[in-house]
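1. Here you go, sequence then predicted model.
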Amino acid sequence: TISPDFSRLEDLLVLKLASNKLTSLPSDLGSLQKLKYLDLSSNLFSQEIPSELGNLAGTLEMLDLRNNKLQNRIPESFAEFEGKNSASVYLSGNSNLSDPAPLMLCFLPGFDLADGEGIMCPPERNALKLFYD
């Protein structure tokens, strides 16, 4: 479990806790307003993604939640990642996430989801990305 005390580390820039068999993803991490890199991939999270992580859209450059067992919908707050600083958001390997993804997140250049199946974003996404790239 990630201690809630992490939210007191206000100047924390990088948090890498990948492959640690963690089971609980605290919403308090969304208060780390200076955080640039958050890597929580390959753990054992089997819950909804805390919407509070969307609060990091202004500063976060990379959010990696790949290869967990995250469930339900991707929070609407994640659409904020598209407009602020175009962070990379990695969510592949979470087969229990339900669609659809927030539309603006689908157009984020660094958005990785569902192992390339593309079922969470509208099919027009790929055509539009090709057109605008």
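-> Yep, it's here. Numbers count the residues shown, from 1 in each chain.
2. any idea how far E76 is from L63?
-> Distance of E76 to L63, computed by C-beta to C-beta, to the nearest Å: 15 Å. In this view, the C-beta of every residue, glycine as well, is placed from N, C-alpha and C.
3. Of the two, which one has the most company?
-> In terms of neighbours (other C-beta atoms under 10 Å), L63 is the more surrounded of E76 and L63; the figures are 25 against 14.
4. residues in contact with L13?
-> With contact set as C-beta atoms under 8 Å, 6 or more residues apart in numbering, L13 has these partners: K34, L35, K36, Y37.
5. Give me the number of neighbouring residues for the first one.
-> K34 is flanked by 13 other residues according to other C-beta under 10 Å.
6. Also L44?
-> By other C-beta under 10 Å, 12 other residues sit near L44.
7. what's the nearest residue to it if we skip its chain neighbours?
-> T23 (4.9 Å; C-beta to C-beta, 6 or more residues apart in numbering).
8. per-residue pLDDT, the one you found?
-> Looking at T23, its pLDDT reads 95.
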